[in-house]
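Asker: sequence plus predicted model, see below.
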Amino acid sequence: MTYSRLQRTIFRPVAVEGFGYWSGKDVRVEFRPAAIDAGIVFVREDLGCEARVPARVEYRTDVPRRTNLQCGAVQVEMVEHILATLAGLEIDNCEVAVDQAEMPGCDGSALAFVRALDSAGAVEQDKEVSRIEITETVRLASGDSWIEAHPAHSGGYHVEFELNYPHDSIIGRQSVGL
């Protein structure tokens, strides 16, 4: 079985306001529809409309416990909840305009982003999503943290995830399998 779908963007712009989890600064993020193959792009409007950072792995900076991206002198911080929301909702093309470097922390989850994007609606675009096929086991590790992907021999896929913060009673150990 081969899973294929069309690219998607949002139907209309929608915004979320809050404050930065680390900085405490007020921040507004606006999600906007984007063209086919645009991908996810952050726009730092406080620095001008040309201050853009594509959400691509080569722009990731090494910061513990959060995901930051930097392209040239333009940086966006703590983008993981926004990226997880867009991936989970299968939004492939979206412009994410912000007025600060750090995204709003909201309640510490992605719920505010999910609600906002759900209210905006999604639309299919006239091009299929590019597929990634895992043909051999791949493992990335840093210290005692790792992620591993295996080829799917059944034609489908299976995902398992475990997070373990043994000394943090709020987060603790969590796992999920799909």
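Answerer: Happy to help now that I have it.
Asker: please report how far the residue nearest the centre of the chain lies from residue 152.
Answerer: In the chain, the residue lying closest to the centroid (C-alpha atoms, centre = their mean) is residue 83, at 1.0 Å. Residue 83 is 23 Å from residue 152, where distance means C-beta to C-beta, to the nearest Å. Every residue, glycine included, has its C-beta placed from N, CA and C.
Asker: now swap in residue 66 and tell me
Answerer: Residue 66 is 30 Å from residue 152, by C-beta to C-beta.
Asker: so the two - more neighbours on which side?
Answerer: Taking other C-beta atoms under 10 Å, residue 66 and residue 152 do not tie; residue 66 has more neighbours (15 against 12).
Asker: quick one, strands of the chain?
Answerer: Along the chain, the segments classed as strands by DSSP state E run 6-10, 14-19, 26-33, 40-44, 52-54, 60-61, 68-71, 74-76, 94-98, 122-128, 138-142, 145-149, 160-165, 172-177.
Asker: now tabulate the ones you listed in JSON lines and tack on distance to residue 87 and mean neighbour count.
Answerer: Converted to JSON lines, these look like this (distance: least, C-beta to C-beta, whole Å; neighbours: other C-beta atoms under 10 Å):
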{"stretch": "strand 6-10", "distance to residue 87": "11", "mean neighbour count": "20"}
{"stretch": "strand 14-19", "distance to residue 87": "17", "mean neighbour count": "16"}
{"stretch": "strand 26-33", "distance to residue 87": "14", "mean neighbour count": "19"}
{"stretch": "strand 40-44", "distance to residue 87": "9", "mean neighbour count": "22"}
{"stretch": "strand 52-54", "distance to residue 87": "15", "mean neighbour count": "17"}
{"stretch": "strand 60-61", "distance to residue 87": "15", "mean neighbour count": "12"}
{"stretch": "strand 68-71", "distance to residue 87": "15", "mean neighbour count": "18"}
{"stretch": "strand 74-76", "distance to residue 87": "16", "mean neighbour count": "21"}
{"stretch": "strand 94-98", "distance to residue 87": "11", "mean neighbour count": "22"}
{"stretch": "strand 122-128", "distance to residue 87": "13", "mean neighbour count": "13"}
{"stretch": "strand 138-142", "distance to residue 87": "18", "mean neighbour count": "9"}
{"stretch": "strand 145-149", "distance to residue 87": "15", "mean neighbour count": "10"}
{"stretch": "strand 160-165", "distance to residue 87": "13", "mean neighbour count": "11"}
{"stretch": "strand 172-177", "distance to residue 87": "15", "mean neighbour count": "10"}
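Asker: good, wrapping up.
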